[in-house]
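**Student:** Provided below for reference: sequence and predicted model.
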Amino acid sequence: MNVLPSDPAARAAVRQGVSVSVATGLYGISFGALSVAAGVGLGPTMALSLLMFSGGSQFALIGVIGAAGTPVAAIATATLLGLRNTLYGAVVSPLLQVRGWRRLAAAHVTIDESTAVAVAQPEPAASRIGFWVTGVGVFVLWNAFVLLGALAGDALGDPRAWGLDAAAAAAFLALVWPRLAPRRAQLVAGLAVVATAALIPFVPPGIPVLAAAAVAVVVGLVTPNAPNAPDAPDAVDPAEKESVR
């Protein structure tokens, strides 16, 4: 029995969401194992994963703890890195148009992956499907594999040696890549990479990501869409305008 939607765009969104969920969820094994190795117990590890649910922030927090940093430094670092999700919320909120408890649920699963899948879709309905499939899928699989990694602990060795970090990054890059066709998107990506790479050796974790986001904001302010650019609202075929009238 085929459980996928009949609409081709929706089917593609479901497939993308599932594939990204699996790749990202598997990387949860690494967090679970590394968290326990850093001295964080099973209960706190699962609480971080269920309540914080931001892989970057979670890794940043246990990284500071593992390096014998203070709790204040660990929380500050994780918070700084998690601030990027507020930018994602501004992007996906107009696409989802949810209210009440659904808005709270959407906020909790607004992460890198769910945002990337949502904005990569050609239609609003497909964007909503992609967002929810990815957000819920990552939440379920991430926490399941975090538990597995935390229980296995040091017996797993270093899970990063398995290439799971590369798998998650590759899945995310595959979604973002088609969005880099416009030259302005390429400019933003290039400047963000340069800013991040330049800051990593000198600033705490989380700051380079915020700097990359700031680069995108600045570029957006100083280089508005050209009137005839493919992604500009006014770039509509004249015949289509006549038909609308």
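**Tutor:** Noted; the coordinates are in hand.

**Student:** quick check: domain ranges of the protein?
**Tutor:** As recorded under automatic domain parsing, the domains making up the chain are 8-180, 182-245.

**Student:** Make a markdown table out of the ones you listed and add mean neighbour count and mean pLDDT.
**Tutor:** Heads up, the C-betas are built off the backbone N, CA and C, glycines and all. Shown next, in a markdown table, are the domains of the chain (neighbours: other CB atoms under 10 Å; pLDDT from 0 to 100):
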| stretch | mean neighbour count | mean pLDDT |
| --- | --- | --- |
| domain 8-180 | 18 | 82 |
| domain 182-245 | 13 | 65 |
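
**Student:** any idea which residue sits dead centre in this structure?
**Tutor:** Nearest to the geometric centre of the chain sits residue 112, at 0.7 Å (CA atoms, centre = their mean).

**Student:** Just confirm it contacts residue 88, I think it does.
**Tutor:** Yes: judged on CB atoms under 8 Å, residue 112 makes contact with residue 88 at a distance of 7.5 Å.

**Student:** quick one: the helices in this structure?
**Tutor:** Secondary structure of the chain (DSSP state H): helices at 8-37, 42-47, 55-66, 71-82, 84-96, 101-108, 112-119, 124-152, 164-176, 183-199, 207-222, 238-244.

**Student:** what's residue 128 in contact with, if anything?
**Tutor:** Contact analysis of residue 128 by CB atoms under 8 Å, 6 or more residues apart in numbering lists 95, 96, 118.

**Student:** so the second one touches residue 130, yeah?
**Tutor:** No: the criterion here is CB under 8 Å, and residue 96 misses it with residue 130 at 10.8 Å.

**Student:** Overlap of the contact sets of those two?
**Tutor:** Joint contacts of residue 96 and residue 130 (CB under 8 Å, 6+ apart) are residue 118.

**Student:** before we move on, the earlier item: against residue 133, how distant is the residue nearest to the centre of the chain?
**Tutor:** To residue 133, residue 112 is 15 Å away according to CB to CB, to the nearest Å.

**Student:** Kindly report the same for residue 14.
**Tutor:** Distance of residue 14 to residue 133, computed by CB to CB: 5 Å.

**Student:** pretty sure residue 9 contacts residue 124?
**Tutor:** No: Residue 9 sits out of contact with residue 124 when judged by CB under 8 Å, with a separation of 9.9 Å.

**Student:** quick revisit: and the contacts of residue 128, which is closest to residue 80?
**Tutor:** Residue 80 lies nearest to residue 118 out of these, by CB to CB, at 24.0 Å.

**Student:** Roughly how far does the closest one sit from residue 82?
**Tutor:** For residue 118, the distance to residue 82 - CB to CB - is 19 Å.
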